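[1] model this:
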Amino acid sequence: MPPEAELRSCDLILSGGTILTLDAADAVFADGAIAVLGRHIVAIGPREAVEAAWTAPRRMECTGRLLMPGLVNVHNHTPLMITRGMIEDLGFAPMFTPGIPQGHRLSEDEAGILARLGVYEMLRNGCTTIVDFYRYPQALARAHAELGSRAVIAGRVHDADPEELTRGRYVYEPGLARETIRENADLVERFDGYDVGRIRCDWAPHAPDTCSDACLREVAEMARGHAGNVHTHLCQSPVEVEQVHSRSGLTPPQALEAAGLLDPRLIAAHCIHVDPRDYARMGAAGIAMAYTPIGNAKTGRIAPVLDLAEAGIGITLCTDTFSGDLFEAMRWAVAMQRIRSADGFVLDARTALRWATQAGAERLGLGDAVGALTTGRRADILIMDMETPGLAPVIDGYGILVWSANGANVRSVIVDGRLVIEDGRLTTADGPALVREAQAVAERLWAAAGRRPVTRRTAA
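    Residues are numbered from 1 along each chain as shown. Prediction:
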């Protein structure tokens, strides 16, 4: 080893452990090391080689750990954490279900408290890049800024009155379009590029049925000069398909195309009830799908992912709020397609892992920054505990992550070179306090909606 004076300085060295880089060559280092300087990986390789060239004031011993890229979760609405365990047995979706405390029934402060719970959970489960859009988007941005995640934030643009939706009626209000578009525009102006690009802001028309054709066109115009993505829900339900057709005679993908939104920047969640005649249209447009296997399966539905992929549509993966565990979503993603396919064992663990890392990063325009562990990329790194029974035995490294691992196997999480989860503990805020605050908000809002939480005592 050269004398210490010749060593190059960095901020952190992760020493030992098995490193799955998930790079183009699928390089693996059985006893590896990673050197981090600032926000970037400056060296990765065999432990002996990295430690011979670099020194750091902090060194984390990672023997018995598996190191991998942070997960990329491409579609979420963190304040909707309030509906988990409740909406699944009540109705189709919160925006369409009477009595659900969501969206317009939340204050900005309440949305921010619930968003912090959602961000905390996803970080704890290894999601380092999170797409998050909803009402009060600046509250979401503040939550991600505070807790240290890499985030893509947008508003929830629509002009369908949400109260009327819960009654099964579509009433479009131009004033609501102006309000939600301004909310999204203010977000972009305030937070886009925050913290050297750790937080980016995009546009998000809610869906082709909850946005009138005029609203969709206005969003397309606003987003035209924006360098990021457009996020939406697409063909989420038969109701959406019927409403768009009755309004314009078009299918939802055709309505997006007519508005100027069906292009390579679009990331569309769900895509369950797509007319097969639109597959080629969507593929030729170069859009990507945010595959939501858990949420879809809870309502007894499976998206035609393999057909869409064959048509040229890019596939990415998300948990869509109802779980923060993208490891769980990976195995649901493969299993649901095997159930749907007549060909049996379609897809494999490596494909699902790519959807949850590099594929998502690429569709977000972050393919050179995150999604794999290589020199020069941002240091978004998971440290998994291989001494827990759920993450054993590790043989090829991919199968165990998809078919057995879960978020509880994540020990530490680094985002942009910053240790945000250390040995299971959130370092950027008081994690248990965030849970307690969200619990109090949820209890109050559900009680106001007529559902007494079991955590509350009955009146004397």
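[2] how about the contacts made by the spatially most central residue of the chain?
    The chain has residue 73 as the residue nearest its centroid, 2.4 Å off, counting by Cα atoms, centre = their mean. The neighbourhood of residue 73, defined by Cβ atoms under 8 Å, 6 or more residues apart in numbering, consists of 122, 127, 129-131, 317-319, 326, 356, 360. Bear in mind the C-beta positions are built from the backbone N, C-alpha and C, glycine included.
[3] again, but for residue 345
    The neighbours of residue 345, taking Cβ under 8 Å, 6+ apart as the test, are residue 338.
[4] could you report the distance from it to residue 177?
    Distance of residue 345 to residue 177, computed by Cβ to Cβ, to the nearest Å: 47 Å.
[5] before we move on, the earlier item: bridged to the nearest residue to the residue nearest to the centre of the chain once chain neighbours are set aside, which residues?
    Take residue 73 and drop its neighbours on the chain: the residue closest to it by Cβ to Cβ, 6 or more residues apart in numbering is residue 127, 4.3 Å away. Residue 127 forms beta bridges with residue 71, as assigned by DSSP bridges.
[6] show me where the stretch 201-350 of the chain has its strands.
    Along the stretch 201-350 of the chain, the segments classed as strands by DSSP state E, counting those that start in this stretch run 230-234, 266-270, 288-291, 314-317.
[7] got TSV for the ones you listed, with mean pLDDT too?
    TSV is the format used below for those (pLDDT from 0 to 100):
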stretch	mean pLDDT
strand 230-234	98
strand 266-270	98
strand 288-291	98
strand 314-317	98
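[8] what's near enough to touch the closest residue in space to residue 261 that isn't next to it in sequence?
    In space, not counting the residues next to it along the chain, residue 261 is nearest to residue 220; the distance is 5.0 Å by Cβ to Cβ, 6+ apart. Counting by Cβ under 8 Å, 6+ apart, residue 220 touches 230, 259-261.
[9] contact partners for the residue nearest to residue 73?
    Contacts of residue 127 by Cβ under 8 Å, 6+ apart are 70-73, 149, 319, 324, 326.
[10] ok, residue 23 next?
    Taking Cβ under 8 Å, 6+ apart as the criterion, residue 23 is in contact with 372-374.
[11] can you tell me the SS state at it?
    Per DSSP: H, G, I helix; E, B strand; the rest coil, the secondary structure class of residue 23 is coil.
[12] please report how far it lies from residue 300.
    Distance, residue 23 to residue 300, by Cβ to Cβ: 38 Å.
[13] equivalent analysis for residue 414, please.
    Here the distance between residue 414 and residue 300 works out to 39 Å (Cβ to Cβ).
[14] was I right about residue 171 contacting residue 164?
    Yes. In this structure residue 171 lies within contact range of residue 164 using Cβ atoms under 8 Å: 4.2 Å.
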